[in-house]
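Fold the following, please.
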Amino acid sequence: MNALLDVINYLFHIVVTLYIYAVIIRMLLGLTRADFYNPFSQFILTITNPILTPLRKFIPSIGKVDSSAIALIFILKFAELAINNLLVGKGAISGSLVIPVIFSLANQLINIYLLAIFILVVISWLAPFLQGQSNPIASVLHSITAPIMDPVRKLIPPVGIFDLSTFVVFLALLALKRFLWHLHYMPI
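Numbering: from 1, shown residues only. Coordinates of the predicted model:
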């Protein structure tokens, strides 16, 4: 692959990946009933609405699950991998892309949770210095991470000023990420 195609492929990958992250976050906001009037939520809504609103006419939601967001996530990732294959000369579309799409999206979902937990930890460390200032991203991140954090917090309560449940969830997500990597890239 020549240098120009490699740069185009790389930039395309970055743009599509960031947009997929935005759509996944949008889906998580809906699933967790996060505050949609939060500035961070409004940003996510603004960048995802142009594609999701028309798509909802064809793919309605099923209960709390935003089916159109899930479809868009799969379509974008499949298109990204197909275009990557075209650029590197492997052929565009094949059934062999289904498994990489699933593993890649699972990896991206885990990355969102890891980053959200990391940001919440940093915000909690900085809280004494912020003196009563609230962070709009923190409330959204608390909403998004609550489904995986709350069950662990019930099992492992805070020890003094340390919330060990955050560490346990973070390690579990890293272990899951590593396990998925072995499933996907290592022959059985």
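
Look up the closest residue to residue 69, ignoring the ones flanking it.
Once flanking residues are discounted, residue 69 sits nearest to residue 27: 4.2 Å by C-beta to C-beta, 6 or more residues apart in numbering. Heads up, the C-betas are built off the backbone N, CA and C, glycines and all.

Give me the phi and psi for that neighbour.
The phi/psi pair for residue 27 (degrees, to the nearest 10) reads phi -60, psi -40.

now do residue 64
According to degrees, to the nearest 10, the main-chain angles of residue 64 amount to phi -80, psi -10.

if I read this right, it contacts residue 29, doesn't it?
No - contact criterion C-beta atoms under 8 Å: residue 64 and residue 29 do not qualify, at 11.1 Å.

who's more crowded, these two?
More neighbours surround residue 29 than the other of residue 64 and residue 29, with 23 against 10 (other C-beta atoms under 10 Å).

Check which helix or strand that one maps to.
Using DSSP states H and E, residue 29 sits within helix 3-32.

who's in contact with whichever helix or strand comes after that helix?
Later in the chain than helix 3-32, the nearest helix or strand by DSSP H and E is helix 39-55. Under the criterion C-beta atoms under 8 Å, 6 or more residues apart in numbering, residues 19, 22-23, 25-26, 29, 34-36, 66, 68-69, 71-72, 136-137, 140 lie in contact with helix 39-55.

and residue 175, what is it in contact with?
Residue 175 neighbours (C-beta under 8 Å, 6+ apart): none.

hmm, back to that, please indicate which of the contacts of helix 39-55 are buried?
19, 22-23, 25-26, 29, 34, 66, 68-69, 71-72, 137, 140 (16 or more other C-beta atoms under 10 Å).

and residue 50, how many residues sit next to it?
That count, for residue 50 with other C-beta under 10 Å as the rule, works out to 9.

cool, and residue 116?
Neighbourhood size, residue 116 [other C-beta under 10 Å]: 22.

just residue 147 next, same as before
Counted with other C-beta under 10 Å, residues neighbouring residue 147 total 12.

looking at it, it is touching residue 32, isn't it?
Yes - the pair residue 147 and residue 32 qualifies as a contact (C-beta under 8 Å) at a distance of 6.4 Å.
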